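# predicted structure and sequence below. I'll ask about it afterward.
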Amino acid sequence: MAVKERVYSREMPATKAAAGLARSGVKSVLLELGFAEAVEDGCLIVGELVNNAIAVSSEASIIRVFAGLRPRGLVVAVWDADQRMPRRRPAPQMSLEELDLRPENFDRNGGWGLGIVAALARECWVERTNPGKWVCASLNV
């Protein structure tokens, strides 16, 4: 008798809606696997990784999202076709007065998603593919 593996594995268009779809799928599989305590971190991590994948993808591109148990633990991963390796930017020290949330400056306030992922994950790594790469994180469970 074959046992069906419980994972979340989906292709989706590289659009803003992908982050919400990925969070819903990751939440479902983590609950199915019995890791309710990892849902918040897993959803935040996949949201950050999906947003990074969208940022380097064209509108017609496809991204892939995965969540499930692997030899490295409970893994959340996102694939995109871009060959460039992700770079982690250090978060600047700033006060609330320096944080400019006006719409025309919105993108200047971000770019620290990989730091958030690294802070929440047990381990982060990148697996190159041809084309593209998987950006992966194992959750603390």
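Great, that's in hand.
# where does residue 76 land in three-state SS?
strand (DSSP: H, G, I helix; E, B strand; the rest coil).
# from what I can see it touches residue 47, true?
No. Using CB atoms under 8 Å, residue 76 is not in contact with residue 47, being 10.0 Å away. Where C-beta positions appear, they are placed from N, C-alpha and C, glycine not excepted.
# these two: who's more crowded?
Neighbours were counted for residue 76 and for residue 47 using other CB atoms under 10 Å; residue 76 has more, 32 against 21.
# summarise which helices and strands the strand or helix carrying residue 45 is packed against.
Residue 45 is part of helix 39-55 when elements are defined by DSSP states H and E. Packing contacts for helix 39-55, counted by 3 or more CB pairs under 8 Å, 6 or more residues apart in numbering; DSSP states H and E, involve helix 17-32, strand 62-70, strand 73-80, helix 113-120, strand 133-139.
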